[in-house]
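**Q** here's my sequence, what's the structure:
(one chain, ligands or ions: 2)
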Amino acid sequence: MKKVVTIAGSDSSGGAGIQADIKTMMAHGVFAMSAITALTAQNTTGVYDVLEATPEFVGEQIDCIFNDIRPDAVKIGMVSNIGIIEKIAEKLKEHQAENIVVDPVMVSTSGCALMSPDAQETLVTKLLPLADIITPNIPEAECLCGFEIKSTEDMVRAARMIGENLKGGVLIKGGHLTETADDLLYVNGECIWYRGERVDNPNTHGTGCTLSSAIASNLALGYDMKTSVKNAKEYITGALKDGLDLGKGSGPLNHAYRITGK
Ligand SMILES: Nc1ncnc2c1ncn2[C@@H]1O[C@H](COP(=O)(O)OP(=O)(O)O)[C@@H](O)[C@H]1O
Ligand SMILES: Cc1ncc(COP(=O)(O)O)c(N)n1
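**A** Numbering: from 1, shown residues only. Ligands and ions are numbered 1, 2, ... in the order given. Okay, the predicted model is just below:
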């Protein structure tokens, strides 16, 4: 069995973070493990409180996982401060982790900051260079490239600029921009569009977490990067189409249907 670890924050309402990651991994038939960076008191209407783990405790969780059940892929989500980011980078290098997917989570769909502003530079210098693929949404890509992204041409320019200094690919998610929810992968100097079908569903809580976990699962299963992104895109579109409607705000996706058909 292939194994995948998510290094991310917990979402008490089960729609994003660790919970979305584990559900997605189960739907892909891989063994899911977690190193929790923070607890959030959160639901579909917002993030109400955050309790961060210490960097040392994040490191211990990663050691326990790699020293026993070595993952075939790693997904990284919410990493809220400099100490946690530095510890994760140190441990990924120490354990020579493979198939690293970094979702540079900065702000939740509901508008709450999930990373302290001073941590962005550490993310860029220490963690992103270790990634095989990073998956920013439009606002996150804007932070990383330093200009506004208002069109598909801007997406191409941003992906090239962000990807220039990275060994891995950059997938800019178009969920916040294009009519059609098209995503753009820039890898090895090549741009590849993943044409989406925009689903009329306001319940998009956890879409970014789900997409990055689906990519990590596909990489663990042995698919190459382009195929992994294609398969993950199909998974997220299907999960949105299932049309689950829970909670008072932007609700979660239906992974149970993806797993059991019910
Ligand atoms: N309404 C939608 N219909 C179809 N796909 C969507 C929709 N909203 C987002 N997506 C897709 O979900 C994935 C996550 O995208 P996005 O919402 O941009 O990221 P994030 O959750 O990090 O803000 C992307 O593949 C994006 O194209
Ligand atoms: C613990 C945690 N991690 C990540 C997200 C971002 O997810 P989204 O942007 O889809 O709301 C979140 N809301 N909570």
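**Q** neighbouring strands of the strand ranked longest in the chain in the sheet, and parallel or not?
**A** Longest strand in the chain, counting residues (DSSP state E): strand 31-43. In the sheet, strand 31-43 lines up against strand 3-11 (parallel), strand 46-52 (antiparallel) (DSSP bridges).
**Q** now do the contacts for the nearest residue to Q61 once chain neighbours are set aside.
**A** Using C-beta to C-beta, 6 or more residues apart in numbering and skipping residues adjacent in sequence, the residue nearest Q61 is A35, 3.7 Å away. Where C-beta positions appear, they are placed from N, C-alpha and C, glycine not excepted. By C-beta atoms under 8 Å, 6 or more residues apart in numbering, A35 lies in contact with V5, T6, I7, V58, Q61, I62, I65.
**Q** from memory the first one sits against K75, does it?
**A** Yep, that's V5 we're talking about. Yes - with contact defined as C-beta atoms under 8 Å, V5 reaches K75; the gap is 7.3 Å.
**Q** how much space separates L51 from F57?
**A** Counting by C-beta to C-beta, to the nearest Å, the gap from L51 to F57 is 12 Å.
**Q** more neighbours: which of those two?
**A** Taking other C-beta atoms under 10 Å, L51 and F57 do not tie; F57 has more neighbours (15 against 10).
**Q** returning to that earlier point: ok, of the contacts of A35, which one's closest to ligand 2?
**A** For these, the minimum distance to ligand 2 (C-beta to the nearest ligand atom) is 9.9 Å, reached by T6.
**Q** buried set for the longest strand of the chain?
**A** With burial defined by 16 or more other C-beta atoms under 10 Å, the residues of strand 31-43 counted as buried are A32, M33, S34, A35, I36, T37, A38, L39, T40, Q42, N43.
**Q** again, but for stretch 54-67
**A** By neighbour count on 16+ other C-beta under 10 Å, the buried set for stretch 54-67 is P55, V58, G59, Q61, I62, I65, F66.
**Q** which of those residues fall within strands?
**A** Among those, no member lies in strands (by DSSP E).
**Q** quick one: the nearest residue to D49 once chain neighbours are set aside from L114, how far?
**A** Excluding the flanking residues, the one nearest D49 by C-beta to C-beta, 6+ apart is A41, at 4.1 Å. For A41, the distance to L114 equals 13 Å [C-beta to C-beta].
**Q** which neighbours do these two have in common?
**A** The contact sets of A41 and L114 overlap at V47, V50 (C-beta under 8 Å, 6+ apart).
**Q** please enumerate the helices of the stretch 51-200 of the chain.
**A** Ranges of helices within the stretch 51-200 of the chain are 55-66, 82-94, 120-122, 138-145, 152-163, based on DSSP state H, counting those that start in this stretch.
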